[in-house]
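*Asks:* Okay, structure incoming, though there's no sequence with it:
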RNA sequence: GCGAGAGUGGCGGAACUGGUAGACGCGCUGGAUUUAGGAUCCAGUGGGAUAUCCUGUAGGGGUUCGAGUCCCCUCUCUCGCACCA
């Protein structure tokens, strides 16, 4: 019988679905295991990255199930977002229609891959039944001051026509549009107070041993905690004081000027009416107009403008000029710095450019510095000089006492500063969850009463061709009455960042039908936290940081009890492929290349680097086509076999072919011998074996051990698969050698076949179900417990000992397993080849490693 | 610039705590089968000389009886951060 993947895969998918084998309910008698893969945006088609991600997850889910765990393995849709709006405009349809159609299509594809999801828990984040709870939580956060509105400088992406959070800006560009730099706008925006949890989120980074270090490092850097001081500089000619943040209060005696960020609100205030006013304003405007890449680039010179005002250095009492400077970040610290040109390279360059004073306050140990001749700032450790009472101290040791001194004179205090900013969630978009707020001319900002939730996103709107949200132009949506005074009022027309939805969807999977509140405490308590989370590294900061924040918010609002949502995190590598480029037609899809030539013009193509598959480079393979050609099992197997999950996977058509051949080999092996195998029971390990069957028996149990360990401890599916390949190879030799096979041999063979089928099941569930059935079993492999190896099967009568002379392998001998070190050494020294290599040289030392090797040192 | 990770055949990758380097797969070579091709099966496959060795895990040095694995230096690549005061 020929291996027909298509037919048998669909058959088993129907079987699983009809028998509801992936359905899971809470069961206190079993240990729970919550396995989650990052849910997809419903773009309409699964891509190969999804296939890899979800295959890895499916193997673990099926494996854990067979290991007796109660496995929650859900799937749903991250369904709000821009692409739906764009597609709707392009195709003259509606984002909702487009989204739900896409969900249908992708769901079919996921089912065709044979993934073991409990589809009863499915939801889309654009369902009002989902986002109504998000709105409720927003109101609860508003009550606690964790959600607030402020007018501030925000990142604006022109293509998205919306504001972005800091986390969504990469290299100064929108994370969705790497070619378009974001611009700065001053706008009213809603923020979630992630800074209130910065300390806890940071601290817990060290309590997540199941996370990759690099993700934690990235999060730590993003949070950016630093220890320093706030120092107050009194203004000359007014009662105002300017606060600066510094980590280098040891250099305060050397602060000879001050710089403000161009956005700093004090700037406009202090220059009012001065001759410098116009020039400074021009400089500010010019700087703010610059895109952030240019503004913060290395090669951008440090520039500024003198405000005409002075303040007092609080420790020297000296008047120092106040500048506005392009390199000072409004976002960090207080948006103002004390400049110490002698000990900070940026300040040094600035001082040189504008001819400002320098004063050395740290000298190198055993050396000296001269303001006149120094050509760069001295940033290393040293001894304090020109620093009043602190002269002679080591600078780092004086950090605390200088901070205390500042406190004693009322001019500062020690502090901790974070780089992370609050999460801006306002989006000027249509296809998102409405922010449940009403603005009333009399009552101001009024939250929508909880009983009026949800604020439903109206679906009967016409998309606007320019891409802007229709909500602010839609009276039926924004016109409302104020809940307080019942007067005319206007709804908030911004929607929430879609990362809000993805910050708690995993909680909702535990109780998708709960209608009393966002989360059912009982069921969430059973399932959360997620035991294993699997997804792309690209969310190292964005989604994973927001989710850690949101978990704490939900905890403190009393919705659940966990702090960390994901106990273990696996970040899978990208799927890569070489690009193919025609000099005439640019990048080509794989099917536009034939025999190394462009099918459009026949020109020879240029093969490019192996890079992440992307539509823009056209180096993509379509999973649908692969499924049609080879079946889902082959695709699943190749995704796992080509490399370990955390590394990048290089796509290879020949590699796929190899996986397909292997499945065919397994298929043929069972089919060829099915009559004989069905006639015996699997070997029970009781009778004594010898020779070939003993060896096959051992191999079977070695394989069980290896595959179990590889999946359980390391997620190394590639080596697990190769171990089963070895078993299949040995089995093939065993059955096809031409030697006689007796009844016992057949039963050993049957045990080996069944082991291979079971061990392969999580990887290639369809073909193995079929083979299992052919072997005479009625039940699904899903109900078969994972095998454990037989320790006595692993034992050998003899051991291979490697013999070395001076560390080089010279011979190998078999010795009885019972031999101790003395006997092994004796055998080694009489070995003919060893004697030849030792020759007449005196033996200095013999090292015996039990069961492994002997090294003779001469 | 700072931080993290990596560098192993023609290719993807094995080698888990220092102990046979190259498992498994792809590709390639030879053979069998076949009208032919494909598929399948058997044998071989790091390099160099050759019937017994030499050499080999980016390069150099070190520790050790023994190093792909540990330590130091250099190079290359990938990723992250990058005027953070």
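*Replies:* Here it is on my side, so go on. Everything numeric here is computed off the predicted structure, so don't read it as measured data.

*Asks:* contacting residues around the residue lying closest to residue A:67 once chain neighbours are set aside?
*Replies:* Once flanking residues are discounted, residue A:67 sits nearest to residue A:786: 5.0 Å by C-beta to C-beta, 6 or more residues apart in numbering. Any C-beta I mention is one placed from the backbone N, CA and C, and that applies to glycine too. Residues in contact with residue A:786 (C-beta atoms under 8 Å, 6 or more residues apart in numbering) are A:63, A:66, A:67, A:708, A:758.

*Asks:* can you give me the strands in the stretch 301-450 of chain A?
*Replies:* Ranges of strands in the stretch 301-450 of chain A, per DSSP state E, counting those that start in this stretch, are A:304-312, A:319-325, A:336-339, A:362-363, A:383-384, A:412-418, A:423-424, A:426-427, A:437-440, A:444-447.

*Asks:* Tabulate these in a markdown table, adding columns for mean pLDDT.
*Replies:* Below are the strands of the stretch 301-450 of chain A laid out as a markdown table (pLDDT from 0 to 100):
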| stretch | mean pLDDT |
| --- | --- |
| strand A:304-312 | 95 |
| strand A:319-325 | 95 |
| strand A:336-339 | 95 |
| strand A:362-363 | 92 |
| strand A:383-384 | 93 |
| strand A:412-418 | 93 |
| strand A:423-424 | 92 |
| strand A:426-427 | 92 |
| strand A:437-440 | 97 |
| strand A:444-447 | 96 |
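
*Asks:* Please verify my assumption that residue A:693 contacts residue A:744.
*Replies:* Yes. Taking contacts as C-beta atoms under 8 Å, residue A:693 lies within contact range of residue A:744: 6.4 Å.

*Asks:* out of those two, which sits in the more crowded spot?
*Replies:* Set residue A:693 next to residue A:744 and count neighbours by other C-beta atoms under 10 Å: residue A:693 wins out with 21 against 16.

*Asks:* can you pull out the helices in the stretch 101-250 of chain A?
*Replies:* For the stretch 101-250 of chain A, the helices defined by DSSP state H, counting those that start in this stretch cover A:128-143, A:198-204, A:213-223.

*Asks:* Just name the most buried of the ones you listed.
*Replies:* helix A:128-143 (a mean of 20; mean count of other C-beta atoms under 10 Å).

*Asks:* Which strands and helices lie in contact with that one?
*Replies:* On a contact count with 3 or more C-beta pairs under 8 Å, 6 or more residues apart in numbering; DSSP states H and E, helix A:128-143 meets strand A:147-157, strand A:444-447, helix A:498-501, helix A:505-508, helix A:542-556.

*Asks:* for the stretch 301-450 of chain A, what spans make up the helices?
*Replies:* In the stretch 301-450 of chain A, the helices defined using DSSP H, counting those that start in this stretch lie at A:345-354, A:399-408.

*Asks:* Just give me the lowest mean pLDDT stretch among those.
*Replies:* Comparing mean pLDDT across the helices of the stretch 301-450 of chain A, the weakest is helix A:345-354, with a mean of 92.

*Asks:* Tell me if it is near RNA strand B.
*Replies:* Yes. Under the criterion of C-beta under 7 Å from any atom of the strand, RNA strand B is reached by helix A:345-354 at residue A:346.
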